[in-house]
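Undergrad: What follows is a predicted protein model with its sequence.
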Amino acid sequence: MKKLVALLTALIMVLSCTAALAGEIVYVATNPEYPPFESVADDGMTIVGYDVDLFDAIAKKAGFEYEFEPMEFAAVVNAVATKPNTVGLSGISITEERKLSVNFSLPYINAGVAVIVKADSTIATLEDLQGKIIGVQTGTTSDFEAEKITGIDNVARYSTFQFAVNELQGNKIDAVFVDKPVGEAILAQLNDPSLVMLDLEIVADWYGIAINKNDVELQQKIDAAITELQNEGFFEELAVKYFGGGEADAE
Amino acid sequence: MTTDIIISVRDLEKHFDEGKLKALRGVTADIKRGEVVVVIGPSGSGKSTFLRCLNLLETPTKGTVTVEGVNITDPKVNINKHREKMGMVFQHFNLFPHMTILRNMTLAPMKLLKKKKADAEEKAMALLKRVGLADRANAYPSQLSGGQKQRIAIVRALCMEPQVMLFDEPTSALDPEMVGEVLDVMKQLAMEGMTMVVVTHEMGFAREVADRVIFMDEGHIIEEGTPDEIFDHPQQPRTQDFLRKVL
Amino acid sequence: MNAAVESISIFEQWWQNIQPGIQANTLNFWENLYKEIYMNVIQGDRWLQYLRGLGVTLEVSFFSILVGLLLGTILAILRLPQVQNISGKGRGFLPTLGAVIVRGLSKFAGFYINIMRGTPLLLQVLIINFGIFGTVRMDKVIIGVIACGLNSAAYVAEIVRGGIMSVEKGQTEAGRSLGLSGIRTMIYIILPQAAKSALPAMCNEFISLIKETSILSYIALTELTKAGDYIRSRTYSAFTPYIVSGLLYLIVVLTLTWLIGKLERRLRNSDH
C-alpha cells in the first residue's frame, strides 16, 4: 500500500511536472498600465506591448501556454513570490530588495539613460559632458539627468527625442540623452555610422521577468529563450517596433 | 521777349490701352522762353496728356520732346535733372499731407539742389510771403483751404527755381471764390517773365495773360494764335463751336 | 533687500500653512490656487525662468519685426504694378538690362510671398533649422529671427503693398515732377503715407509674430512658451505654467497695442 501511494505520488508529481512544462498554463502577473511595455489595447481586453511580444516569443521557444492576470503593480511581485508557476512581467526593475522575494530572469532591457554622441567626438566620460550642449526630450529622465550634468542653460529641450538626434547628426549639439531602449532603436533605424552610444552608466535601470523562487526549471527555460532571442536579433526588431517611430508601427 | 525755343515738341503721339485709345495723334509745337502758352479744348482733347508729356509724366508713344536742346524722350537722358527745371502744378494740388508746408517746399531743394536747410527755408519763406501765406509755414496741408493749397503748390514748384512752369487745370478743383487768388499768383508769375504752359478752362485768364493760345481737339492742335486771334476771330469751325459753348 | 527676504518668508510661511491640507487632500479653492502659484512661480525662483523666456521672446520678436519690415518693404515695392511691368524705356536712368533684372526679382518676390504664406510657419522653422542650417552651429535666437523674419516679410509685403497702393497716384507725380527719383519719391513721400494707412494691419502682424515665435520652442529655443513647458515638466502641473506664460504674452501684446494706438493718434492729429 505504502509502495502504491509512493508510486502514485511519484506518478502525480511526474505528471504535474510534465503538465507544468508542456500542457499546463503559466500565469503572468502584470499591471497593464505602462505603455509601451504593457497596456490594454483599444478593444479593452487584449493586453499588448513590448513585454507581451517578448513573452510570447519566449513561450513559443520554451513551449508553454500562458495566461495574463492583471493586477496593481505593487501586487505583482507579491503574487509571484507566493504563487508557484507564476511570473511577473510588468517592466519590473531588477533591484536587490526584490531579489529577496523573487528570482529574476536574465535582464532583457536597460531602460536607463543612454548617451549618444558623434563617432568622432572627444566626449568619453561623464566629466567630458560638463558644459556641453545636451539634447533631450523635455521632461524625461534624460532631461533631468542632463541638467544635473551640464547645467540648465546647456540643455537643448525638444518636443521629441528625434529632433535632438537630428541636431546631433548636424553637429549642432554635443550629445543626446535618451532612454536606452529608445536610443538603441534610433541607432538601429538610422544606421548612421557617425553616431555612437557611449557606455556610460548615467542611470542604469534593467528590467527582468520575476519568477517564483521554486520554479527553477521555468527560469532556465526562460533564460535560455532570452539568450536565443538575443542571438537572433529579436530585441533589435522589438526596439524598432516600439521605440523606432512610425515606420515600424505601420507594418 | 526773347525768341529762343525752350521746349520743342515734334509729332508727339500717346496711345493708351495698347493703342485702343489715342490721346495724342501727332502734335508739333514750340514753347519760347518767357512765353505764356494757354492750352484750351474740350475734355478728352488730349491737352492734359500733352502737358504731362512735356516733363515725361506720360511716356510718349511716338515723337520727341526736346528741352533746351536735349531730346528727353531718349532713355539715356536723366529725366530727373530735366524735371528739376520744369515745375508742375496739378489740378488736385498734390501737396504731401504728412509734411508741414515748409517741409513740402524745402524737401526737393535740399535733396536735389543740395541746399542747406536754412537757405532752403529762407527761400521758401520769401515765396510764402509773396503769396501771403507766411503764417502757415508750419501748418499741414489738411489745415488749408483749396485756394491756399494751390498757392502753396505753385510756390513749392518755384522753390526749385524752374525755367518752365506747367499748370494742369490748376483751378478746376477749386470752389469758385478761390479761383481768383490762384489766378492772381499765376498772373504775377507771368508778369515776371516765367515761361508757362497752362491747361485751363479759365478763358478770361487765357485772354488776359496768354501770349499764345493753343486749341486742341481729338489729339490734334486745331488752331493756335494770339488770344485776340483765337477768341475773336477763330478760323476753324471746331474752335468756333467750342468757344460758343464755353464763352 | 530686507523687504525681499521678508516677503519671501511670507510666501514660505503660507506654503508651510497649507502643507497639512496638501497631505490630507483638503485644500479649498484659494489654497489650491496658492499651491499652484507657489509651485510654478515662487518655488526655486521659477519666475526668473519665465522672465528669461520673456526676454528671449522679446529679443526674437524685435529683430524678426525689423527683418520682416525691411525685407517686406523691398518685396512690396518689387510687387508694385509699375515695377512688375517696368519697361526700362524712357525711364531715364534705368537701362534695359536693369529692367530685366527688376522684372525677374519681381517674379521671384511673388513666388516667395506665395511660398511663405502658403506653408505653415512651423514647417518653415523646422526646414530652416534642420535643413538649411542643418549642420551650422549657431545661436538659436538667430535661427529664430531668420525663420520668423523671413515669414513675416511675406505678410508685411502684402500689407505695405496695400498701403502704397492706397496712396494717391498724384503724390508720386508731384514727387517726380519736382525731380525726385523714383526711389526718393518712394522713401520720402509714398512710404510714410503708406505706413500710416498700413499701421493697423501692421500692428496685427506684429502681434501675430510675437505669439508665433512660440513655435521656436520646437527647435529648443527657451522662449516664453518653452519656459512654461520646462516648468511644467518639473512641477507636473497640468496648465498653470501656461497661464503664467500666457499672461506675460498678454502684457506684451497689450503694451504694443497701446503704443501703436498712441502712434496712430499722433499721426492722425498731424495731418489729413
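TA: Happy to help now that I have it.

Undergrad: roughly how far apart are the closest residue to B:T226 other than its chain neighbours and chain A?
TA: In this structure, B:T226 finds its nearest non-sequential neighbour in B:R212, 6.4 Å apart by Cβ to Cβ, 6 or more residues apart in numbering or on different chains. For every residue, glycine as well, the C-beta is placed using N, CA and C. Per Cβ to the nearest Cβ, to the nearest Å, B:R212 is found 77 Å from chain A.

Undergrad: Phi and psi next, for B:R212.
TA: Note on B:R212: backbone dihedrals following degrees, to the nearest 10 are phi -150, psi 140.

Undergrad: Which residues are in contact with it?
TA: Counting by Cβ atoms under 8 Å, 6 or more residues apart in numbering or on different chains, B:R212 makes contact with B:35-38, B:224-226.

Undergrad: Pick the one among these closest to chain A.
TA: B:V37 (72.6 Å; Cβ to the nearest Cβ).

Undergrad: Residues touching the helix or strand harbouring the closest one, excluding its own?
TA: If you go by DSSP states H and E, B:V37 is part of strand B:36-40. Identification of contacts with strand B:36-40 by Cβ under 8 Å, 6+ apart yields B:29, B:31, B:47, B:50-51, B:190, B:194-201, B:203, B:205-206, B:209-216, B:227, B:230, B:242.

Undergrad: Equivalent analysis for stretch C:133-148, please.
TA: The contact list for stretch C:133-148, computed with Cβ under 8 Å, 6+ apart, reads A:166, A:170-172, C:56, C:59-61, C:63-64, C:67-68, C:121, C:124-125, C:128-129, C:209, C:212-213, C:216, C:219-221, C:223.

Undergrad: hmm, back to that, walk me through which strands the strand holding B:V37 pairs with, and which way each runs.
TA: Sheet pairing of strand B:36-40 (DSSP bridges) gives strand B:195-199 (parallel), strand B:212-217 (parallel).

Undergrad: Throw the ones you listed into a markdown table and include mean pLDDT, thanks.
TA: Below are the strands paired with strand B:36-40 laid out as a markdown table (pLDDT from 0 to 100):
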| stretch | mean pLDDT |
| --- | --- |
| strand B:195-199 | 96 |
| strand B:212-217 | 95 |
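
Undergrad: from the contacts of stretch C:133-148, which would you call buried?
TA: A:166, A:170, A:172, C:56, C:60-61, C:63-64, C:67-68, C:121, C:124-125, C:128-129, C:209, C:212-213, C:216, C:219-221, C:223 (16 or more other Cβ atoms under 10 Å in any protein chain shown).

Undergrad: Near the residue of the stretch 151-251 of chain A found nearest chain C, how many other residues are there?
TA: Going by Cβ to the nearest Cβ, chain C is nearest to A:A156 of the stretch 151-251 of chain A, at 3.8 Å. If you count neighbours by other Cβ atoms under 10 Å in any protein chain shown, A:A156 ends up with 25.

Undergrad: bridging residues for it?
TA: A:G135.

Undergrad: what residues are up against it?
TA: Counted by Cβ under 8 Å, 6+ apart, A:A156 has contacts A:133-136, A:164, A:167, A:173, C:220.

Undergrad: ok now do the closest residue to chain C within the stretch 51-200 of chain A, which residues does it touch?
TA: At 2.9 Å from chain C, A:G139 is the closest residue in the stretch 51-200 of chain A, using Cβ to the nearest Cβ. Neighbouring residues of A:G139 by Cβ under 8 Å, 6+ apart: C:229, C:232-234.

Undergrad: can you put these in a markdown table and add pLDDT, distance to chain B and secondary structure?
TA: Putting these into a markdown table (pLDDT from 0 to 100; distance: Cβ to the nearest Cβ, whole Å; DSSP: H, G, I helix; E, B strand; the rest coil) gives the following:
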| residue | pLDDT | distance to chain B | secondary structure |
| --- | --- | --- | --- |
| C:D229 | 88 | 45 | helix |
| C:R232 | 85 | 48 | helix |
| C:S233 | 81 | 51 | helix |
| C:R234 | 80 | 52 | helix |
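
Undergrad: Thanks a lot, catch you later.
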